[in-house]
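S.K.: Need coordinates for the below:
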Amino acid sequence: MPFLGLGLHIFVAIFFAIHAIRSGRELYWLLILFMFPLFGSVVYFFAIFLPSLKSNTHVQLGLRKVTTAAVNSIDPGRELRDAKAAYEFTPTAQNQWRYADALLAADQVADAVQQFEICLQGPFAKDLEIQFAAANAQLRFQQPEKALNLLLAIRESSITFRTEAVTLLLAKIYAMQGNKVAAKQEFEQVVTQFGSVEARAEYAIWAAQNGDMNTAQHLRAELNDLKKHWNKNSRAQYQPLLVKLESVLQGQQ
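M.R.: Take a look at the predicted model:
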């Protein structure tokens with residue numbers, strides 16, 4: 001057992017050493033970590049690693065989504081109440097972002113758009129996660145032009161940022177604008193590159209609505225093949241999209 005403990009200390013030190021290298025930390029951190037694995041790891045965790053998590057908006061967003069989902073499954077509306085209270089008590093940019101997200105999740109789209117617009121004028125104005133969330137809110141608020149400007153700015157800033165989600169949202173925006181050529185291009189790109197259930201279903205729905213029944217039926221057949229391998233949770237997750245697709249297809253007959 002002592003050897004196991006020693007081994008764990010070494011592995012933790014190696015993990016933090018890799019983090020130090022990738023984040024461009026000073027060389028002396030590597031010396032501390034390898035000369036004093038246990039002590040160095042503890043110091044590095046509190047001095048470097050933990051603050052980096054707190055300042056990383058992508059990590060914060062992921063943690064927030066997990067926490068929100070867990071809380072809302074027990075008490076729907078709890079996150080919105082907590083987010084509003086936190087923002088009213090301490091109106092920081094971080095709390096405003098949380099409040100805007102909670103409003104959007106609660107389908108209070110108009111209020112969410114208003115909060116996101118304020119966020120885009122603050123210290124997080126260049127944050128890609130906020131820009132993407134704001135674009136999603138704008139689209140749901142029937143303002144595709146504003147959403148398009150945000151997404152094009154995201155794509156220009158980083159072609160690797162949430163590529164599937166950005167491409168699919170762009171396709172929906174072009175579809176709302178009636179730009180069939182651009183919408184088809186984005187739908188084809190996201191289905192070819194990622195092939196997710198959501199991408200296939202959204203493309204099939206759009207294709208059926210625009211009279212391209214061959215594409216819609218082809219994608220429907222692919223979804224039916226995929227459905228054979230889904231578990232109960234997957235079926236529940238994608239059921240609304242599949243119901244919408246079937247409704248659109250029946251309406252075109």
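S.K.: which other residues reach stretch 122-135?
M.R.: Outside stretch 122-135, the residues that touch it by CB atoms under 8 Å, 6 or more residues apart in numbering are 57-58, 61, 93-94, 96-97, 100-101, 104, 113, 116-117, 119-120, 146-148, 150-151, 153-154, 157-158, 161-162, 165-166, 169. To be clear about C-beta, it is placed using only N, CA and C from the backbone, and glycine gets the same treatment.
S.K.: Sorry, wrong one. I was asking about stretch 220-229.
M.R.: The set of residues that contact stretch 220-229 without belonging to it, under CB under 8 Å, 6+ apart, is 197, 200-201, 204, 235, 238, 242, 245, 249.
S.K.: Give me the buried positions along it.
M.R.: For stretch 220-229, a neighbour-count test (16 or more other CB atoms under 10 Å) marks 220, 222-223 as buried.
S.K.: Filter the contacts of stretch 122-135 down to the buried ones.
M.R.: Neighbour-count burial within those applies to 57, 61, 93-94, 96-97, 100-101, 104, 113, 116, 119-120, 146-148, 150-151, 154, 165-166, 169; the criterion is 16+ other CB under 10 Å.
S.K.: returning to that earlier point: so which of the buried residues of stretch 220-229 is the closest to V42?
M.R.: Distance to V42 across those (CB to CB) is lowest for L223, with 50.4 Å.
S.K.: what kind of secondary structure is the closest one in?
M.R.: Using DSSP: H, G, I helix; E, B strand; the rest coil, the three-state assignment for L223 comes out as helix.
S.K.: after the helix or strand of the chain with the lowest mean pLDDT, next one along is what?
M.R.: The weakest-scoring helix or strand in the chain, judged by mean pLDDT, DSSP states H and E, is helix 57-74 (a mean of 53). With elements assigned by DSSP states H and E, the helix or strand that comes after helix 57-74 is helix 78-89.
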